[in-house]
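**Q** got a predicted model here, sequence first, then my questions.
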Amino acid sequence: AQSVAQPEDQVNVAEGNPLTVKCTYSVSGNPYLFWYVQYPNRGLQFLLKYITGDNLVKGSYGFEAEFNKSQTSFHLKKPSALVSDSALYFCAVRDMVGGDSNYQLIWGAGTKLIIKP
Amino acid sequence: GAVVSQHPSWVICKSGTSVKIECRSLDFQATTMFWYRQFPKQSLMLMATSNEGSKATYEQGVEKDKFLINHASLTLSTLTVTSAHPEDSSFYICSARDRGLAGDVWGRYNEQFFGPGTRLTVL
């Protein structure tokens, strides 16, 4: 069964320090991986995706993620955290069963990122 | 581009009434829309997948007669919570997938664009 795990419920980082939000996945075949961010009482915003190509994917707001096939991971990173980065972050993988015409996203449980001034 | 709106953004209703939530893709066509439910401090729970012009596909455990979904056009899907009860209070989020070009691996086709959510409170 396909699944996504975000092992940390919460990550605390001091402003200006690098941050990492972890995500591991389990899929059959090549994964399509996504990161989304959710601010309080708001919908989700797309950050970045990996489908194929370079293992280091750059996304919105200075975030990047590294795809590691051997470790089945897709950790989200940012070199220097901002207080405004505080939010809920979700990792997701595309369900490969449905094919191109009808697929779903399988979601991780979410990680609350808190950046302290 | 790729903006999805939801209306209303929040609603308070009495127990037993029905509430309709609209999800619109404003600048693209969405063959498929998804309805999620999110409880406080929890991840998204997919309720149903809505395909334009056909019946929605509901996830296991979701009552199709209680959560009516209509996807009448390529830019609009509605979720109606019928005979709402306090336990239906939640944050409902829709997303839409750009119809785009099939196989457009690098483009928007594999992304879901999310609405801002609707906070439903049933008294």
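**A** Cool, the structure landed.
**Q** for B:Glu87, helix, strand, or coil?
**A** Assigned with DSSP: H, G, I helix; E, B strand; the rest coil, B:Glu87 falls in the helix class.
**Q** name the nearest residue to it, ignoring sequence neighbours.
**A** Of all residues not flanking B:Glu87 in the chain, B:Val122 sits nearest, at 7.9 Å (C-beta to C-beta, 6 or more residues apart in numbering or on different chains). Where C-beta positions appear, they are placed from N, C-alpha and C, glycine not excepted.
**Q** counting neighbours, what do you get for the one you found?
**A** Other residues near B:Val122 number 20, with proximity taken as other C-beta atoms under 10 Å in any protein chain shown.
**Q** list the contacts of it.
**A** Going by C-beta atoms under 8 Å, 6 or more residues apart in numbering or on different chains, B:Val122 touches B:12-15, B:84-89.
**Q** go again using 7 Å as the cut-off
**A** Shown in contact with B:Val122 (C-beta atoms under 7 Å, 6 or more residues apart in numbering or on different chains): B:13, B:15, B:84-86, B:88-89.
**Q** do the same with B:Ser83
**A** If a contact means C-beta under 7 Å, 6+ apart, then B:Ser83 has B:16, B:18 as its contacts.
**Q** that's a strand at it, yeah?
**A** No: looking at B:Ser83 with three-state DSSP, it is coil, so not inside a strand.
**Q** check which strands are paired with the one helix or strand in chain A whose mean pLDDT sits lowest and give the direction for each one.
**A** When the helices and strands of chain A are compared on mean pLDDT, DSSP states H and E, strand A:105-107 comes out lowest with a mean of 86. Counting by DSSP bridges, the strands paired with strand A:105-107 are strand A:87-94 (antiparallel).
**Q** centre of the chain to the partner strand, how far?
**A** Its chain's average C-alpha position is 5 Å from that of strand A:87-94, according to C-alpha atoms, centre = their mean, to the nearest Å.
**Q** same deal with stretch B:36-44?
**A** Mean C-alpha position of stretch B:36-44 versus that of the full chain (C-alpha atoms, centre = their mean) differs by 13 Å.
**Q** quick one: distance of the least confident helix or strand of chain A to the chain centre.
**A** With C-alpha atoms, centre = their mean, you get 11 Å for strand A:105-107.
**Q** the very next helix or strand once past it packs against which elements?
**A** Using DSSP states H and E, the helix or strand that follows strand A:105-107 in sequence is strand A:111-116. Applying 3 or more C-beta pairs under 7 Å, 6 or more residues apart in numbering or on different chains; DSSP states H and E, one finds that strand A:111-116 contacts strand A:10-14, strand A:19-21, strand A:87-94.
**Q** what comes up buried for the first one?
**A** Applying a neighbour-count criterion of 16 or more other C-beta atoms under 10 Å in any protein chain shown, one finds A:11, A:13 buried in strand A:10-14.
**Q** residues in contact with that strand?
**A** Residues contacting strand A:10-14 (C-beta under 7 Å, 6+ apart): A:19, A:21, A:81, A:111-116.
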